[in-house]
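> Predicted model and sequence below, questions to follow.
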Amino acid sequence: MRMACSPKFLAIVSFCCSLGLWLPAQAQQVDCSESCEESGRCFHSKVFDECVDGPSWCEYEDACHQQGRCRFDPASKACVATAEDCERSYGCVAEGRCAFDASTASCIRAAAGCRQSERCLDEGLCASKGERCVAASDEDCARSFACIDAGRCQVRGESCVVESDDDCGASQGCQAAGQCYAVDAKGKRSQDPASTVACGHAGLCAESASCRQRGLCAERGAVCGPTSEDHCRQSEACALDGACQLVEERGMLGSASTHCAPTSAADCEGKCGGAKDCALQTSLTGHKYCAVVEAGPATLLVPYDESEIWGEPNGR
């Protein structure tokens, strides 16, 4: 029995094919020899599933963005890399494949490639080992965002990991979310580096530095947060910055955030280091804070809302 396909289904299939998201099996191998001789269209584009002029269409293939193969080679009838394309490719930024190998016309990882990659900055994977970038020193780990954000400051094996409360206590995760302790896979506080997997609150929000500093004194899922105005009023943020009230605000991404913040001019009196013109301000994201604005609109000062980065402490 012959089955009919709806126009909507056919339109979806056609759209997916045009983007290279799905190709019929028979379209995987296309002979372009005839069109090559007739019109110079010698290259099969996976994007459009047709024979095209290689010199122009190589630039639109995924291999150009990912591997630097942006130039058409008439001899091999394939897209190949150049030194310039290697340096501009995502493979260079992400994996350090910035060097050009003329013998294979491809991008390869040079000795310093990993150190130039974003994985070095993000994860401390700055040393080259075969085809991979790996962590090789505590210094590389300590300079990475993995250390700054999540306390992964020590090298173990070929990765940057958390080993102690000291790593976690100095991290942004401690300041912003109360994740101040080294924990094991069950979220329990760990004193053994071998069993430590991450930074967490370990059920100790009320004892953490983030409770004392910012009122993050109660457990809310994987993070700590304030649940009462007492948490806010007893914090250093209240004494220094006027963040004495428990408020709920919505960030630019629409997520709700319950945290400590000033809500009135009275909260800002005597704050801003004792400046007499300290006043309540509102950022572009709607976040209220105390500040001295010397010139220009107050909304030019935009402190970020940490809850938008670390997640909603309400555990919603």
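That came in fine, so what should we check first?

> Show me the shaky parts of this protein.
Low-confidence segments of the chain (pLDDT under 70): 1-29, 37-40, 42-43, 45-48, 52-57, 250-255, 294-316.

> Spatially central, which residue of it would that be?
Centre of the chain computed as the mean C-alpha position; nearest residue by C-alpha atoms, centre = their mean is residue 122, 8.5 Å away.

> ok, the closest residue to that one other than its chain neighbours to residue 175 distance?
Spatial nearest neighbour of residue 122, chain neighbours left out: residue 145 (5.2 Å); criterion: C-beta to C-beta, 6 or more residues apart in numbering. The way it works is simple: take the backbone N, C-alpha and C, and place the C-beta from them, glycine included. Using C-beta to C-beta, to the nearest Å, residue 145 is found at 15 Å from residue 175.

> ok, these two, which is more surrounded?
Ranked by neighbour count (other C-beta atoms under 10 Å), residue 145 and residue 175 place residue 175 first, with 18 against 14.

> Helix or strand for the more buried one, just tell me which one.
Following DSSP states H and E, the helix or strand that holds residue 175 is helix 172-177.

> Tell me where the stretch 1-150 of the chain has strands.
Taking DSSP state E, counting those that start in this stretch as the criterion, the stretch 1-150 of the chain contains strands spanning 43-45, 50-52, 71-73, 78-80, 99-101, 106-108, 127-129, 132-134.

> re the thing from before, what sits against the residue nearest to the centre of the chain?
Applying C-beta atoms under 8 Å, 6 or more residues apart in numbering, we find residue 122 in contact with 144, 145, 146.

> which one among those gets closest to residue 236?
For the contacts of residue 122, the residue nearest residue 236 by C-beta to C-beta is residue 145; the value is 25.8 Å.

> which ones are touching the closest one?
By C-beta under 8 Å, 6+ apart, the neighbours of residue 145 are 121, 122, 123.

> Run the chain-centre distance for stretch 146-154.
Taking C-alpha atoms, centre = their mean, to the nearest Å, the mean C-alpha location of stretch 146-154 is offset from the chain mean by 14 Å.

> re earlier: I'd like the list of the contacts of residue 122 that fall within helices, please.
Of the positions in the contacts of residue 122, 145, 146 sit in helices, assigned by DSSP state H.

> Just put the contacts of residue 122 in CSV and tack on distance to residue 206.
As requested, these are exported to CSV (distance: C-beta to C-beta, whole Å):
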residue, distance to residue 206
144, 31
145, 29
146, 28
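
> returning to that earlier point: what about the residue nearest to residue 122, distance to residue 223?
18 Å.

> re earlier: closest to residue 129 among the contacts of residue 145?
residue 123 (14.1 Å).

> Spatially nearest residue to that closest one, not counting backbone neighbours?
What sits nearest to residue 123 in space, not counting adjacent residues and going by C-beta to C-beta, 6+ apart, is residue 146, at 5.1 Å.

> Over to residue 167?
That would be residue 151: by C-beta to C-beta, 6+ apart, it lies 4.0 Å from residue 167.

> before we move on, what about residue 164?
Residue 164's closest residue in space is residue 182 (C-beta to C-beta, 6+ apart), at 5.5 Å.

> which stretch of helix or strand covers that neighbour?
strand 181-183.

> Show me what that strand is packed against.
Under the contact definition 3 or more C-beta pairs under 8 Å, 6 or more residues apart in numbering; DSSP states H and E, strand 181-183 sits against helix 165-169, strand 198-200.

> most packed of those?
Most buried of the helices and strands packed on strand 181-183 by mean neighbour count (mean count of other C-beta atoms under 10 Å) is strand 198-200; its value is a mean of 24.

> which secondary structure elements does that strand contact?
helix 165-169, strand 181-183.

> Compare these and give me the one nearest residue 237.
Residue 237 lies closest, by C-beta to C-beta, to one member of those: helix 165-169, at 17.5 Å.

> ok, how many other residues are close to the nearest residue to residue 87 once chain neighbours are set aside?
Distances taken as C-beta to C-beta, 6+ apart put residue 98 closest to residue 87, at 5.4 Å, once the chain neighbours are dropped. Number of residues near residue 98 (other C-beta under 10 Å) recorded here: 23.
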